[in-house]
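Asker: Okay, structure incoming, though there's no sequence with it:
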């Protein structure tokens, strides 16, 4: 054990946060899953074991990844961005249809499915970080500095968009933040912002006139529902409100949440209200928010130690992605935002999504630990022109 | 330390305030990192604000609950559910189940359920094939189309099958795809209760139907009692969408429906149904009915109403003719006519009347007797008028008695109660039609004589029966009843008593005279003299053969045959009416078409009910007359000995064993032992099937049986080793 702990590098705090999140996840999912388990002929354990295995595998992956130097990821991203794009196209055409959204690809033989967008998110963040670092001196030049960054963003987000608007929008926002961090001038940023806004308007126009993409109706309904409090479709958030209210300040106790019987997806999208119902607003509600903030705080604080700009941007991009996704999920649950299908990273039962979350945290850990180990490479490491392959 | 503090510390420490572009070609990472991190902390601050907003919103929701959200969630969690009571059963008087509620299922499919799409695609062929094989109502392709349609429509409650019984449902649950689990496959099995009549069409119309929109018979008459009362209970929704009671308490306790014990005797009903059906089939009649009633109580023991389905030609229970069909009674009315004359002292049984050659004219209209073509009846007594069912005789007698004051005749008939409804429990009784006054519309000079022989008046078969029953019941008219007892949870809550609707019917002497006339019908010279000639019981009754009246026109050679009466004539226990409408076989007399049904019922009652039999007198002469001791099959010693000793038959026991052979001698039964040895095939020749099977199967043998009676041959001889061949065939003869 001690041996293992010694081998454990990177920030202990981030490790602890991840561990606590997964602990909460196991407890909440076990309780919330009972309805689903009932429907599958009373086999509660099957879901729990599957989820547990996913978390164990995730930690294994995290451990392995965090020992790999960032530069390898950076190089891999050059190839993987293409892989991601191909997989997204594949999912759009052949993917599993769930709720009219072609988001899933089945992995042959092992019977698992995964969302290529989960994979593409990480790859795009690394790739964009790398290009931004590479072009750091030309960012004032829109054509030569900003456009090479924008192209992969537009392509990847564009491929995610038909099936999953909120993920595409979130990923676009994260990369937008990364450009902001990397120092893209304000005038360019505003151009991009206006273009993005224009795109949304275009989608609305196309959607209203042609009914394409197929998910357009769902998006529209959700936004209308969020604004119209009495609408029937808004009942998800009403039920979430009920669960939060039932929770109170003092914990009710694990396994007592009655909202699992009616709350849609109490083990994934709506797990936050469910946790509040069982653990109270203080122990459940505030703790979860704090855990994500600590993760972000540690990442910002420690990534500065990594001398490479691409690494810093990657760590920040990934941690922002995790935390923003978490806060979107929570904001939806407390009816601050319109309904989207974003799960709570590390906490929701999401099958292979957990693995990708662990991969992201592993990369963050790898970047944050670089200080102690990479002293010797330090001098050579941040010479962008030496390392970047011709694009 | 709050989030804000962290943020502030760091934004001040490492950041260089310079907003300049990142340095070019820098070997040192710190400068852009500082710049990057300064902005990162800004975003962090923004996210802290969002975090705080989320937490504040959580507390807001907790402090100010959304009422509508509460209600919505409650509706998912708690509900006052109605508890449907079980509808009561309808039983026959001997305890057989006539109507009961049995569960049946509707199979529906949720096309948008969260089922495995690949599994569905892989199994849909075998699934539709299974459906088609089990139910056979649609081809696999048609079933497939059903699923496909549901899928394209996004139907969440598509009907696949209806009226599926419990056994079939169990098979459906094991179909491919559904086997994965009801919820996992999107299938929903909706349970409903339907009324089942285990005896099929027996008395079906009287028992009635129970459909929401159309109830008849006892189901309708006793609906409120049968239905029970819905209960209310607070229930909680648990996993899987199942509602579970919060506690064992009810807000309102459901009251189960009461059980109705009818007066119907299922065995007599069976006889009535079968006999009537045979008669209708034989004579190709349009419809018919048979009602058997207990004289003293008015309890209806059997009521069969059969009519021909014009499409299939089959007879079934469709309308309750006995209660509903008001028709001109014809000859059966003559009892009332002559009863009026007798009771008013205007005629006596010995009075003679000249009926002539069988044709007489009243107001220039001819009236014929049935034997007019054979020269008529000549001059006969009033009693003979009835026995021979002479129309002319009856008409003359009534005309002679009441010609001057026909109103008195009408008043007298009305006083018998035959103009009033019986007000039975069942709905649909038609009120009788009878003149109240000679000023009534339709009354003419012809009416008096027409009325006397049963025209220009209408009543239902049951009303006619009630009148005849009153004669059998010493002048007490009782209301026909269909329900004997009402029970709830096995406890009697109501028991039917005989209801007398008319007491001082007529003079006692008149009753005696009427009964004498009715008995005469079965005697030499009566219209039904041949029917009961060999019957061990005595019947009193009247035949009826009325012309059919369609649209106000009497139809040539189309008749309604009837027979009404009671038995045993000396001490009436049962009365019965049989009506056969429009027989087309050429035979139409009540005695030939209707009376046989009466006879079959009477035979059945006589042969099965002990009260009709005098106890056999124990006398020596009987034993002496018995020259031989009865023979019995071989078999169990204990049982045979019990029977012989109970019958006081002497036994000559030659050897003892559990299994014996018997043979009879002149004065005793010779009993010899049969030795049954372990491991050997026993000798079962001479035994009955029960004993033979018991013996052989107890030895572990597999037995095949042919024939009936006593074992004549066994395929393996006695004494053979069982182990070598345990399969044995026995032949009975």
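Answerer: On my side now, so go ahead. Remember, it's a predicted structure, so these values are computed and weren't measured experimentally.
Asker: how about the strand or helix carrying residue B:148 against chain A, any contact?
Answerer: For residue B:148, the host element (DSSP states H and E) is helix B:140-153. No - for a cut-off given as C-beta under 8 Å from any C-beta of the partner chain, helix B:140-153 has no contacts with chain A; the smallest distance is 12.2 Å. The way it works is simple: take the backbone N, C-alpha and C, and place the C-beta from them, glycine included.
Asker: right, and the helix or strand after that helix?
Answerer: strand B:158-164.
Asker: May I see the buried residues of that following strand?
Answerer: Residues of strand B:158-164 classed as buried: B:158, B:160, B:161, B:164 (neighbour count, 16 or more other C-beta atoms under 10 Å in any protein chain shown).
Asker: So which bits of the helix holding residue B:148 are buried?
Answerer: In helix B:140-153, counting by 16+ other C-beta under 10 Å, buried: B:140, B:143, B:144, B:146, B:147, B:150.
Asker: How about the contacts made by the first one?
Answerer: This points to residue B:140. B:125, B:128, B:129, B:131, B:132 (C-beta atoms under 8 Å, 6 or more residues apart in numbering or on different chains).
Asker: With the fifth one instead?
Answerer: For residue B:147, the residues meeting the contact criterion (C-beta under 8 Å, 6+ apart) are B:109, B:111, B:124, B:127, B:128, B:158, B:160.
Asker: where's the last one relative to residue B:188, distance?
Answerer: To tie it back to what came earlier, the one meant is residue B:160. 10 Å (C-beta to C-beta, to the nearest Å).
Asker: For the two, list the residues in contact with both.
Answerer: B:107, B:108, B:109.
Asker: Kindly reformat these as TSV and extend each row with neighbour count, distance to chain A and pLDDT.
Answerer: As requested, the shared contacts of residue B:160 and residue B:188 are arranged in TSV below (neighbours: other C-beta atoms under 10 Å in any protein chain shown; distance: C-beta to the nearest C-beta, whole Å; pLDDT from 0 to 100):
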residue	neighbour count	distance to chain A	pLDDT
B:107	22	18	88
B:108	19	17	85
B:109	23	16	86
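Asker: how many other residues sit next to residue A:76?
Answerer: 15 (other C-beta atoms under 10 Å in any protein chain shown).
Asker: Kindly report the same for the one 3 residues further on.
Answerer: Around residue A:79 sit 10 other residues, with neighbours defined as other C-beta under 10 Å.
Asker: who in the stretch 251-391 of chain A is up against chain B?
Answerer: So the stretch 251-391 of chain A meets chain B at A:258-262, A:276, A:281, A:285-286, A:289, A:292-293, A:296-297, A:300-301, A:303-304, A:306-309, A:312-313, A:316, A:320, A:323-324, A:327, A:330-331, A:334-336, A:379, A:382-383 (C-beta under 8 Å from any C-beta).
Asker: of those, buried ones?
Answerer: A:258-262, A:276, A:281, A:285-286, A:289, A:292-293, A:296-297, A:300-301, A:303-304, A:306-309, A:312-313, A:316, A:320, A:323-324, A:327, A:330-331, A:334-336, A:382.
Asker: Can you tell me the SS state at residue B:427?
Answerer: What DSSP: H, G, I helix; E, B strand; the rest coil gives for residue B:427 is coil.
Asker: quick one, what contacts it?
Answerer: Counted by C-beta under 8 Å, 6+ apart, residue B:427 has contacts B:216, B:220, B:221.
Asker: 7 Å instead?
Answerer: B:220, B:221 (C-beta atoms under 7 Å, 6 or more residues apart in numbering or on different chains).
Asker: give the contact list for residue B:124.
Answerer: Neighbours of residue B:124 in contact, by C-beta under 7 Å, 6+ apart: B:144, B:147.
Asker: Low-confidence bits of the stretch 201-350 of chain B, can you list those?
Answerer: Applying pLDDT under 70 to the stretch 201-350 of chain B picks out residues B:210-213, B:237-244, B:246-248.
Asker: the strands in it, which residues?
Answerer: B:210-211, B:214-215, B:231-238, B:242-245, B:259-262, B:287-294, B:300-308, B:315-316 (DSSP state E, counting those that start in this stretch).
Asker: Can you get me the start-to-end distance on stretch B:194-209?
Answerer: 10 Å (C-alpha to C-alpha, to the nearest Å).
Asker: And residue B:115, its phi and psi?
Answerer: Dihedral angles of residue B:115 (phi, psi; degrees, to the nearest 10) stand at phi -90, psi 170.
Asker: Next: residue B:578.
Answerer: Torsion angles, degrees, to the nearest 10, at residue B:578: phi -130, psi 130.
Asker: so it touches residue B:594, yeah?
Answerer: Yes - if you go by C-beta atoms under 7 Å, residue B:578 and residue B:594 touch, sitting 4.1 Å apart.
Asker: joint contacts of those two?
Answerer: With C-beta under 7 Å, 6+ apart, residue B:578 and residue B:594 have common neighbours B:562, B:563.
Asker: For the longest helix along chain B, which helices and strands make contact with it?
Answerer: The residue-count maximum for a helix in chain B (DSSP state H) belongs to helix B:30-63. If contacts are counted by 3 or more C-beta pairs under 7 Å, 6 or more residues apart in numbering or on different chains; DSSP states H and E, helix B:30-63 sits against helix A:165-182, helix A:235-247, helix A:287-303, helix A:309-333, helix B:3-12.
Asker: Just want to check the distance between residue A:158 and chain B.
Answerer: 25 Å (C-beta to the nearest C-beta, to the nearest Å).
Asker: ok so that residue is a strand residue?
Answerer: No - counting by three-state DSSP, residue A:158 is not part of a strand but helix.
Asker: any idea of the pLDDT on the closest residue to it other than its chain neighbours?
Answerer: Among residues not flanking residue A:158 along the chain, residue A:168 sits closest, at 7.6 Å (C-beta to C-beta, 6 or more residues apart in numbering or on different chains). On pLDDT, residue A:168 comes in at 90.
Asker: ok, residue A:168 touching residue A:157?
Answerer: Yes - in this structure residue A:168 lies within contact range of residue A:157 using C-beta under 7 Å: 4.6 Å.
Asker: out of the two, which sits in the more crowded spot?
Answerer: residue A:157 (24 against 20).
Asker: Please consider this matter closed, and thank you.
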